[in-house]
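> no sequence for this one, just the structure:
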């Protein structure tokens, strides 16, 4: 599970920004929205987090920052000498344009609570650090390694294997020590890289309809019959009329004529080379009035179903995967192409009492999520940019005024500008009394 994420000088984030998933002492929804990790009795973590704000306020940049950190961990060991690092600094401040970017992530894995981070510029990793606190009441955080350029301080259990990497010059300036150590099967490094690869799922809302996660959903469901049953149950609950699905087979010869010539040539070339080409997913619907109750008509998920249906199918796999494996799932623009009721149905899965180790983070523009009947105030985060277009991030739990007290209509307060994080438009109609929700929260328990 994720404890917190910090980044500095990445794109629009000029100062250090921390997304903190440690629960406040607030007692609201403690049985369903908060979990106490085993071995860390004093700490409680949130199961979900809503990130809301205007366009260009930094929501997607926060997603990109986490994705960039994941990329660095998974790929930097394979980069060659001279390869440039994915350094995207804040360019609207003269002092920050050439400054280094830093990331730090604190998360729980089987060995305990890791705190891992690094600082880098376009050409080299300047600093890198890894600390671990093992489960237990009296345990303390201890250093596993600290690196400044090529100067490394190592814990005793790291000195033999990792010290050899240093002596042999195998840790390049543009590679992370952690990533290189994992390639040489260093146990703790392997565990952390595995967490970044398998326990951190990042799904972009900018993908066209379903994107690559459509096939992720299909493959996940086809691995075991019980998984497919879970997915079909979720699709039935969404009221799409889908009773089954399958992978789409290669088109028949007459259907190939409808494929654009350029694309057809590429497909034929790849088929000739022995590559596997996947043509998507088909969904099954019952045929009304047919003599057999089992009569089904198959639709192309991408061509015949609605964009919202394809989007839901694409999200269902990562959601069910995260719930099954105890992953952190971050979805950028969760509501894209989806009705609010469907989005809420997916989010509610993470608040089940039996769900103990999965987390959902998502960005949105939908004000219906601002609701203390269904969320704690420390789960509701707002992003806004200052006059210099640098982003800041804060939760409603940080507000001490009555504007964010329990039971208040947060949507009305937000639209009145009480919390900031609003686009500064110049439309006179905004001042009219078109918005007339009562001052108390309107959604019942």
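Perfect, thanks for sending it. In this text, all values refer to a predicted model and were calculated from it rather than measured experimentally.
> Report how far apart the opening and closing residues of stretch 380-390 are.
Taking C-alpha to C-alpha, to the nearest Å, stretch 380-390 runs 20 Å from one end to the other.
> Show me what that stretch is in contact with.
12-15, 19, 49-54, 56-59, 62, 90, 92-93, 369-370, 391-396, 410, 419-422 (C-beta atoms under 8 Å, 6 or more residues apart in numbering). Every residue, glycine included, has its C-beta placed from N, CA and C.
> Just list what the helix or strand hosting residue 235 packs against, helices and strands only.
Here residue 235 sits within helix 225-237, counting by DSSP states H and E. Using 3 or more C-beta pairs under 8 Å, 6 or more residues apart in numbering; DSSP states H and E, the elements in contact with helix 225-237 are helix 213-222, strand 244-247, helix 307-325.
> can you give me how far it is from the chain middle?
Chain-centre distance of helix 225-237: 23 Å, with C-alpha atoms, centre = their mean, to the nearest Å.
> Determine the angle, from 0 to 180 degrees, between it and helix 307-325.
Inter-element angle recorded for helix 225-237 and helix 307-325: 140 degrees (by axes from the mean of the first three to the mean of the last three C-alpha atoms, to 10 degrees).
> all strands of the stretch 301-445 of the chain, in order?
328-331, 359-364, 380-385, 391-395 (DSSP state E, counting those that start in this stretch).
> Generate JSON lines for these, with mean pLDDT as supplementary columns.
Output for the strands of the stretch 301-445 of the chain, formatted as JSON lines (pLDDT from 0 to 100):
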{"stretch": "strand 328-331", "mean pLDDT": "97"}
{"stretch": "strand 359-364", "mean pLDDT": "96"}
{"stretch": "strand 380-385", "mean pLDDT": "89"}
{"stretch": "strand 391-395", "mean pLDDT": "86"}
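> Adding distance to residue 28 and mean neighbour count, write those out as JSON lines.
What follows is the strands of the stretch 301-445 of the chain, written out as JSON lines (distance: least, C-beta to C-beta, whole Å; neighbours: other C-beta atoms under 10 Å):
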{"stretch": "strand 328-331", "distance to residue 28": "22", "mean neighbour count": "25"}
{"stretch": "strand 359-364", "distance to residue 28": "18", "mean neighbour count": "24"}
{"stretch": "strand 380-385", "distance to residue 28": "11", "mean neighbour count": "22"}
{"stretch": "strand 391-395", "distance to residue 28": "13", "mean neighbour count": "20"}
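> Using JSON lines, lay out those together with distance to residue 343.
Formatted as JSON lines, the strands of the stretch 301-445 of the chain follow (distance: least, C-beta to C-beta, whole Å):
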{"stretch": "strand 328-331", "distance to residue 343": "9"}
{"stretch": "strand 359-364", "distance to residue 343": "8"}
{"stretch": "strand 380-385", "distance to residue 343": "15"}
{"stretch": "strand 391-395", "distance to residue 343": "20"}
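> distance of the residue nearest to the spatial centre of the chain from residue 95?
Nearest to the geometric centre of the chain sits residue 330, at 1.5 Å (C-alpha atoms, centre = their mean). Residue 330 sits 30 Å away from residue 95 when distances are taken as C-beta to C-beta, to the nearest Å.
> for residue 114, same thing?
32 Å.
> in the chain, which spans are helices?
Taking DSSP state H as the test, the helices found in the chain are 30-33, 59-75, 156-167, 177-183, 187-198, 213-222, 225-237, 253-256, 261-272, 307-325, 340-349, 410-415.
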